[in-house]
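Trainee: Pasting the sequence and the predicted model now:
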Amino acid sequence: MFRRAANAMPRDLAQVLIGLGLMLMSLHRLIDLITPYEDAPDLRMLMGAVSTTPLVAMLVAAVMTWIAHSSVAVVLLAMSLAVKGVVPPEAAFALVVGANVGSALNPVLEASSASDPTSRRMPFGNLLNRLFGAALALLFLEQVSVVMVWYQPDTARAVADFHTAFNLILAVLFLPILGPYARMLTKLFPDRPLAADPGQPLYLDAGVVRTPIVALGNAAREALRLADFLETMLRCVRLALEKDSPDRIPEARRIDEVMDRLNGAIQAYLMTLDPDALDEHDRRRMDEILAFASNMIHAGDVIDNSMISVAANRLKRGLAFSTSGRSDVMEVFDRIEANLRTAA
């Protein structure tokens with residue numbers, strides 16, 4: 001279905017089924033890997049010691065989850081230990097709580113090294129959510145354990161149901177306050193003030209790459225910005241020659257760097273499109289956009305390597321055009337700018 005379907009929806013459905021199959025297969029493999037360790041004397045002794053204190057059990061499970069990078073592994077381990085009687089149900093539930101807290105630690109540690117504070121909002125928000133749930137669960141753990149065991153005598157199912165209920169209850173509690181919660185996180189991690197970067201793409205929306213016609217339209221709009229930058233670059237060189245203004249030369253060189261960054265963003269964006277989702281017209285249009293962008297970059301390089309160098313050397317040596325020579329040069333610039341507008 002994934003390789004042969006012509007429409008996007010069947011292909012997306014096939015990807016979902018493939019992902020689900022891989023996840024189930026990995027869970028079976030995980031169970032096979034965990035099973036030999038369940039009867040290890042050291043593990044039984046450790047679990048027996050921590051099972052008497054739910055807080056310690058939660059912390060141990062959180063550390064194990066952080067090390068394993070998988071809350072599912074620790075939840076499955078808690079289920080197995082509870083079934084074999086190594087830990088009582090109450091301790092197994094505490095281990096599940098710890099697994100949920102531990103799963104929120106790695107994103108926080110990874111986000112802590114990011115330079116943009118906004119990237120820390122989601123990880124820290126998730127961690128605070130889990131810590132609140134853990135505090136609530138530990139507070140009523142004894143009562144919850146009695147209810148869960150009464151509702152589901154099967155210990156393994158009871159542990160799995162507790163894991164599901166823990167996350168559902170947290171979702172229900174936080175849904176009504178998502179607005180204030182988001183505002184609090186925004187205050188804790190405000191947007192970093194960014195300098196205006198003209199090379200930053202304006203229209204390359206990653207959310208529409210599955211719709212080629214829209215994505216190609218966005219890329220075309222971005223490519224037209226290259227033509228605008230090239231025209232500005234030409235104008236800078238023209239003024240440098242016409243008004244003998246050396247201040248325009250560094251500006252022209254900066255524009256060339258901006259064009260290179262923007263062209264790289266356009267190419268990277270187009271490479272994210274799924275080739276199998278493109279028809280013949282889409283492929284032809286993508287080639288046209290890439291060719292147009294490449295031509296704009298080539299023209300910018302010619303201006304940077306030739307025209308700007310000539311203008312800089314002329315100004316450095318104090319040379320001046322004659323009246324007729326200046327007029328001829330300006331006429332050439334007029335033609336180039338007219339051709340550029342026609343091409344765009």
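Mentor: Thanks, I have the structure now.

Trainee: can I assume V159 is in contact with L76?
Mentor: No. Counting by CB atoms under 8 Å, V159 stays clear of L76, with 9.2 Å between them. All C-beta spots, glycine's among them, are computed from the backbone N, C-alpha and C.

Trainee: So these two - more neighbours on which side?
Mentor: Comparing V159 with L76 by other CB atoms under 10 Å, the one with more neighbours is V159, at 24 against 21.

Trainee: What residue, apart from its backbone neighbours, is nearest the more buried one spatially?
Mentor: Leaving aside its chain neighbours, V159 sits nearest to M79 (4.5 Å; criterion: CB to CB, 6 or more residues apart in numbering).

Trainee: can you tell me how far that neighbour sits from Q152?
Mentor: 12 Å (CB to CB, to the nearest Å).

Trainee: quick one, which of these two is more surrounded?
Mentor: Using other CB under 10 Å as the criterion, M79 and Q152 rank with M79 on top: 23 against 16.

Trainee: and the more buried one, helix, strand or coil?
Mentor: The three-state assignment at M79 reads helix, by DSSP: H, G, I helix; E, B strand; the rest coil.

Trainee: isn't it right up against D154?
Mentor: No. If you go by CB under 8 Å, M79 and D154 don't touch, sitting 10.2 Å apart.

Trainee: Quick one: residues contacting G98.
Mentor: Neighbour list for G98: A57, M58, L59, V60, A61, A62, V63, M64, T65, V74, A134 [criterion: CB atoms under 8 Å, 6 or more residues apart in numbering].

Trainee: could you redo the last one with a cut-off of 6 Å?
Mentor: G98 is in contact with M58, A61, A62, counting by CB atoms under 6 Å, 6 or more residues apart in numbering.

Trainee: Please work out which residues outside whichever strand or helix holds L128 touch it.
Mentor: Secondary structure assignment for L128, by DSSP states H and E: helix 121-139. Helix 121-139 has contacts (CB under 6 Å, 6+ apart) with P54, V97, N100, V101, A104, P107, V108, A111, L170, L185, F189.

Trainee: Excluding chain neighbours, what is closest to the third one?
Mentor: Right, the one you point to is N100. R130 is the one closest to N100 (CB to CB, 6+ apart), at 5.4 Å.

Trainee: pLDDT value on V147, please?
Mentor: For V147, the pLDDT comes out at 91.

Trainee: same check, this time on A312
Mentor: According to the prediction, A312 has pLDDT 73.

Trainee: May I ask which of the contacts of helix 121-139 comes out lowest in pLDDT?
Mentor: Minimum confidence in these sits at A111, scoring 76.

Trainee: What about S103? Give its phi and psi, please.
Mentor: When read as degrees, to the nearest 10, the backbone of S103 gives phi -70, psi -20.

Trainee: Can you get me a residue count around V258?
Mentor: Around V258 there are 20 residues (other CB under 10 Å).

Trainee: Can you dump the C-alpha atoms of the helix or strand where it lies in PDB for me?
Mentor: V258 belongs to helix 248-271 when assigned by DSSP H and E. Provided in PDB are the C-alpha atoms of helix 248-271 (Å, rounded to 0.1, in the frame of the first residue of the first chain):
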ATOM      1  CA  ARG A 248      27.400  50.800  -0.800                       C
ATOM      2  CA  ILE A 249      30.000  48.100  -1.500                       C
ATOM      3  CA  PRO A 250      29.800  46.300   1.900                       C
ATOM      4  CA  GLU A 251      26.000  46.400   1.700                       C
ATOM      5  CA  ALA A 252      26.200  44.600  -1.700                       C
ATOM      6  CA  ARG A 253      28.500  41.900  -0.300                       C
ATOM      7  CA  ARG A 254      26.100  41.400   2.700                       C
ATOM      8  CA  ILE A 255      23.200  40.900   0.300                       C
ATOM      9  CA  ASP A 256      25.200  38.200  -1.600                       C
ATOM     10  CA  GLU A 257      25.600  36.300   1.700                       C
ATOM     11  CA  VAL A 258      21.800  36.700   2.400                       C
ATOM     12  CA  MET A 259      21.000  35.300  -1.000                       C
ATOM     13  CA  ASP A 260      23.200  32.300  -0.400                       C
ATOM     14  CA  ARG A 261      21.500  31.500   2.900                       C
ATOM     15  CA  LEU A 262      18.100  31.900   1.400                       C
ATOM     16  CA  ASN A 263      18.900  29.700  -1.500                       C
ATOM     17  CA  GLY A 264      20.200  27.000   0.800                       C
ATOM     18  CA  ALA A 265      16.900  27.200   2.700                       C
ATOM     19  CA  ILE A 266      14.900  26.800  -0.500                       C
ATOM     20  CA  GLN A 267      16.900  23.800  -1.700                       C
ATOM     21  CA  ALA A 268      16.600  22.100   1.700                       C
ATOM     22  CA  TYR A 269      12.800  22.800   1.800                       C
ATOM     23  CA  LEU A 270      12.300  21.300  -1.700                       C
ATOM     24  CA  MET A 271      14.400  18.200  -0.800                       C
END
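
Trainee: Check the offset of that helix from the chain's centre.
Mentor: Averaged C-alpha coordinates place helix 248-271 at 23 Å from its chain's average position (CA atoms, centre = their mean, to the nearest Å).

Trainee: what comes up buried for the helix or strand where M286 lies?
Mentor: M286 belongs to helix 280-302 when assigned by DSSP H and E. By 16 or more other CB atoms under 10 Å, the buried positions in helix 280-302 come out as D282, R285, M286, I289, L290, F292, A293, M296, I297, A299, G300.
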